[in-house]
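# Here is a sequence with its predicted model. Questions after.
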Amino acid sequence: MTALVGQFALLLAIVFASTQAALPFLPIRRTDPALSGYVDSAALAQFTFVAIAFACLTYAFVTSDFSLAVVAANSHTAKPLLYKISGVWGNHEGSMLLWVLILSLFGASVAIFGQDIPDRLRARALSVHAMIGVAFLVFIVATSNPFETLPNPPENGAGLNPILQDPGLAIHPPFLYLGYVGFSMAFSFSVAALLEGRVDASWARWVRPWVLAAWCFLTIGIALGSAWAYYTLGWGGWWFWDPVENASLMPWLSGTALLHSALVVERRNALASWTILLGILTFSLSLVGTFLVRSGVLTSVHAFAEDPARGAYILLMVTCSTGGALLLYAARASKLQPGPAFGAVSRESGLILNNVLLTTALFTVLLGTFYPLAIDLIGGDKISVGRPYYARTFIPVVTPLLLFMAVGPMLKWKRDALRTAIARLNKAAVVAGLVCALVLMLSFGREFIAAFFLAVAAWVVVSSLLALAQRVRLGSAPLETSLRLLATTPRAYYGLVLAHAGVGLLVAGVAGMSTWATERVGVLRVGQSFELSGYTLMLKAIDEVQGPNYQAERAKFEVSRKGRLVTRLQSERRFYPVREQQTTAAGIHTNFISNLYVAIGEPDDAGGWAVRFYYHPFMPWVWIGALVMAFGGLASLSDRRLRVGAMQRAQRISIAVAGE
Amino acid sequence: MCLALTFAALPSARAVNPDEMLSDTALEARARVLSGELRCLVCRNQSIDDSNADLARDLRLLVRNRLRAGDSDQEVKSFIVARYGNFVLLKPPLQWNTALLWTGPLLFFLLAAFGAFRLVSSRAAAGPAQSPPPLSADEQSQLEKLLGEKASQ
């Protein structure tokens, strides 16, 4: 019954999405308000029916309805409720359904909150959006139907991969998809603008909130994924340059470039053509990411869904949508106006440099991800591209970007002088110099790489605060004036300050972590201890515990420093009988500057246990930095000027007032 | 299929185990660095130092055996590459078929920088920012009407 309703809802969603896609292109009166009215309603209907299908699948998982093949293969009655729910997207079929749910959610949001967007543009954008929707819905029904039933339902399910049974991973995919899929709005609006043959400041203003929202979600999603790897894998790895991670990093880099170039379109009506191209590219990279993860073309831990037929379909979809959009771009881009003039040294030029460096960083990751595939395909060789490659290519590209991201916000629009812009940064340079000297002094001149990158981090953080201080004329005007200016500074500006400062924190985290992390691996019996970086780790006890769907050995530790207790930590070695798999749950203590990390390993024959103990200084800053960045994005999103529908409401009010 | 099974067994205890470690700390330190540059063949982009797959353990022991036998770091790498191919190196070697991989980022940067330079110089040559065209009579009257409305509120 559940399967039937879900299946039917999916088919109805296809019907609505198809009409939503086709109608604005039919040779009918395109200016008819009824047309855009229908497209809006179709977008809502499409979302409603996909949501019903999703609810059906969730219901099937929660009630352990093993007549559905996907539930039987991925769930188990003994699983905690949270993982029954997250199990919905812990498999290929369900995660594709979540993909489409979020896609149609964005479409419906535009239909509801985008009423200030001109009808024609909105109808066109929603139509393009629905084409993607149809492609994915057909993909689901044809190759990955979650509502496939089993003639003889098993007594119990096969359970969910224990690595995925984790609260962090329960919310990681939804955030990631909200980011990935959210960029579809940039794609749809870009294609719609090409069809209209018109891109101007207001177009950028309508698109930017959607890009910004997607970017925030993607930032949080990537951070969650990395945090999950950190505490699940049992040794503190948090970024592997794995193709699947790269798949989420590429749209992030491209989306970041898009946010900045759209700013130029919005403020100065320039860079329109390039921004459109980035809009197409960013979502194409999301599609490529989906292809990488879903096709199993790359072998990786994330590739828990591997099926070549599906891969071929997604590849076709990527080719058609990207190819089609690029063809349209080639045909129409010349019609877009080049925009007003600006000086060689100006905010505009600064943002162009930002885009040059971000796209180069993006290209580097793209090359590293696909080169091994390409070389394998032409039968040349099998090679691996790992951390050492990116350390030599990605970092040299990102370093000038970091140095320059302090200068950019100091530049004025239209025309500026480099000398005065840099002069505005002398305080940041002083702080960076001090940080550099301090690190060199404390490490007796050894850690010059860490000193350099911590100085860069300080440079980025201090300069973004300086930008705010100068905007409110702190020090040059009476404090009263500064406070008043602080209150009237648009939130988008706070967004800039926060997001840039977040990048600085993240850089400091990475630099500190890769320089000063220490580890000790040893065998401990109960009551024994060893030392690491001044901390003493003692194994207090080993207990057998029974979890909801696993058995575990729980090791209890005490960490002390100079005889004083710092913290008590627990680490578990869990065994999941349903899948006969073993996982490690690490014990982590954080004071937001450094982490202490302990993981229990295998027992030996003599009553000892392998114990891994790590000291991870600055590690928390990586995620704090990412969260601050996302928070900056949200602050910017809440800005009056971008608030969706704000203009519309203001208009309505003024009309109402005028009518009285 | 065989790969899939290896992944399924992935995360329990990780990385180098106490029983594998060499008592000579200098040698062990070299072994750790080398292990960080060699790929666990059956895992995702993980080094053998990070992986707990059986094969990674075998490779870790192999590295340590070669080091104990007196091999230099380069000799150890060559020995393992001879057995498993370039796939085992996380840092791909620079050779004719990886030339583009190593030079690509720089080439792309030069291309992008050239494009940006042309764009900026064309915009800078377009003269000082022009003022927008004056309002037409129609727009002017519309503006006055709007301003008048506002003033009367």
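Received the coordinates, thanks.
# Contact partners for the closest residue to chain B within chain A?
Residue nearest to chain B within chain A: residue A:386 (3.0 Å; C-beta to the nearest C-beta). Bear in mind the C-beta positions are built from the backbone N, C-alpha and C, glycine included. Contact analysis of residue A:386 by C-beta atoms under 8 Å, 6 or more residues apart in numbering or on different chains lists A:240, A:241, B:39, B:45, B:47, B:90, B:91.
# excluding its backbone neighbours, what's nearest it?
The spatial neighbour of residue A:386 that comes closest, neighbours along the chain excluded (C-beta to C-beta, 6 or more residues apart in numbering or on different chains), is residue B:90 at 3.0 Å.
# Tell me who's in contact with the one you found.
Residue B:90 neighbours (C-beta under 8 Å, 6+ apart): A:384, A:385, A:386, A:387, A:388, A:389, B:36, B:37, B:38, B:39, B:45, B:47.
# is it true that residue A:369 touches residue A:248?
No. Judged on C-beta atoms under 8 Å, residue A:369 makes no contact with residue A:248 at a distance of 11.2 Å.
# out of the two, which sits in the busier spot?
residue A:369 (24 against 21; other C-beta atoms under 10 Å in any protein chain shown).
# Need the nearest residue in space to that one, chain neighbours excluded.
Per C-beta to C-beta, 6+ apart, closest to residue A:369 is residue A:246, 4.5 Å.
# and the helix or strand where that neighbour lies, what does it pack onto?
Per DSSP states H and E, residue A:246 falls inside helix A:243-268. Secondary-structure packing of helix A:243-268 (3 or more C-beta pairs under 8 Å, 6 or more residues apart in numbering or on different chains; DSSP states H and E): helix A:167-196, helix A:201-232, helix A:272-295, helix A:347-377.
# Redo those helices as TSV? Include mean pLDDT.
Output for the helices and strands packed on helix A:243-268, formatted as TSV (pLDDT from 0 to 100):
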stretch	mean pLDDT
helix A:167-196	91
helix A:201-232	91
helix A:272-295	89
helix A:347-377	91
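# of those helices, which approaches residue A:471 most closely?
The minimum distance between residue A:471 and the helices and strands packed on helix A:243-268 falls on helix A:347-377, with 13.5 Å, by C-beta to C-beta.
# what about the closest one, distance to the chain center?
The gap between where helix A:347-377 is centred and where its chain is centred comes out at 17 Å by C-alpha atoms, centre = their mean, to the nearest Å.
# ok, residue 19 - contacts?
Going with chain A. Residue A:19 neighbours (C-beta under 8 Å, 6+ apart): A:38, A:42.
# that answer is for a different chain, and I need it for chain B
A:523, A:604, A:610.
# Of those residues, select the buried ones using a ChimeraX command.
Those of the contacts of residue B:19 that count as buried under 16 or more other C-beta atoms under 10 Å in any protein chain shown are selected in ChimeraX with:
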select /A:523,610
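# Restricted to strands, list the contacts of residue B:19.
Among the contacts of residue B:19, DSSP state E puts A:523, A:610 in strands.
# which of the contacts of residue B:19 come close to chain B?
For chain B, the contacts drawn from these by C-beta under 8 Å from any C-beta of the partner chain are A:523, A:604, A:610.
# Dump those residues into CSV; add pLDDT and distance to residue B:98 as well.
Compiled in CSV, the ones next to chain B among the contacts of residue B:19 are given as follows (pLDDT from 0 to 100; distance: C-beta to C-beta, whole Å):
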residue, pLDDT, distance to residue B:98
A:523, 90, 42
A:604, 84, 43
A:610, 89, 38
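# Out of those, the closest to residue A:130 would be?
residue A:610 (55.0 Å).
# quick one, phi/psi of the nearest residue to the closest one once chain neighbours are set aside?
Closest residue to residue A:610 apart from its sequence neighbours, by C-beta to C-beta, 6+ apart: residue A:601 at 3.2 Å. The phi/psi pair for residue A:601 (degrees, to the nearest 10) reads phi -110, psi -140.
# Report the helix or strand with the lowest average pLDDT across chain A.
helix A:646-659 (a mean of 46; mean pLDDT, DSSP states H and E).
# Chain B contacts on the stretch 551-660 of chain A?
A:573, A:579, A:581-584, A:599-602, A:604, A:610, A:612, A:654, A:657-658.
# Look up how far residue A:99 lies from the residue nearest to residue A:169 when sequence neighbours are not counted.
Take residue A:169 and drop its neighbours on the chain: the residue closest to it by C-beta to C-beta, 6+ apart is residue A:228, 5.2 Å away. From residue A:228 over to residue A:99 the distance is 19 Å, taken as C-beta to C-beta, to the nearest Å.
# now swap in residue A:582 and tell me
Residue A:582 is 31 Å from residue A:99, where distance means C-beta to C-beta.
# Tell me which of the two has more neighbours.
residue A:99 (22 against 19).
# Extract the residue ranges of chain B that are flagged as low pLDDT.
B:1-15, B:127-134, B:149-153 (pLDDT under 70).
# what are the ranges of the helices in it?
Taking DSSP state H, the helices of chain B run over residues B:2-8, B:25-37, B:54-68, B:73-84, B:99-125, B:137-152.
# Tell me the gap between the fourth one and the middle of its chain.
Between the mean C-alpha point of helix B:73-84 and the mean C-alpha point of its chain there is a distance of 23 Å (C-alpha atoms, centre = their mean).
# I'd like the contacts of residue B:19 laid out as JSON lines, including distance to residue A:75.
Listed next are the contacts of residue B:19 as JSON lines, based on distance: C-beta to C-beta, whole Å:
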{"residue": "A:523", "distance to residue A:75": "38"}
{"residue": "A:604", "distance to residue A:75": "36"}
{"residue": "A:610", "distance to residue A:75": "33"}
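# Which two among the contacts of residue B:90 are spaced furthest apart?
Most distant of the contacts of residue B:90, by C-beta to C-beta, are A:385 and B:36, 15.0 Å apart.
# Give me the more crowded residue out of those two.
residue A:385 (27 against 15).
# ok so, going back, a markdown table for the contacts of residue A:386, including distance to residue A:491?
Formatted as a markdown table, the contacts of residue A:386 follow (distance: C-beta to C-beta, whole Å):
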| residue | distance to residue A:491 |
| --- | --- |
| A:240 | 36 |
| A:241 | 35 |
| B:39 | 46 |
| B:45 | 39 |
| B:47 | 44 |
| B:90 | 43 |
| B:91 | 44 |
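# which residues in chain A form strands?
Under DSSP E, chain A gives strands at A:518-524, A:529-532, A:535-546, A:551-561, A:564-576, A:581-585, A:587-590, A:594-603, A:609-617.
# quick one: residue A:3 and residue A:68 touch, right?
Yes. Counting by C-beta under 8 Å, residue A:68 is a contact partner of residue A:3 at 5.7 Å.
# quick one: the helices in the stretch 1-150 of chain A?
For the stretch 1-150 of chain A, the helices defined by DSSP state H, counting those that start in this stretch occupy A:2-22, A:33-62, A:69-74, A:81-86, A:92-113, A:119-143.
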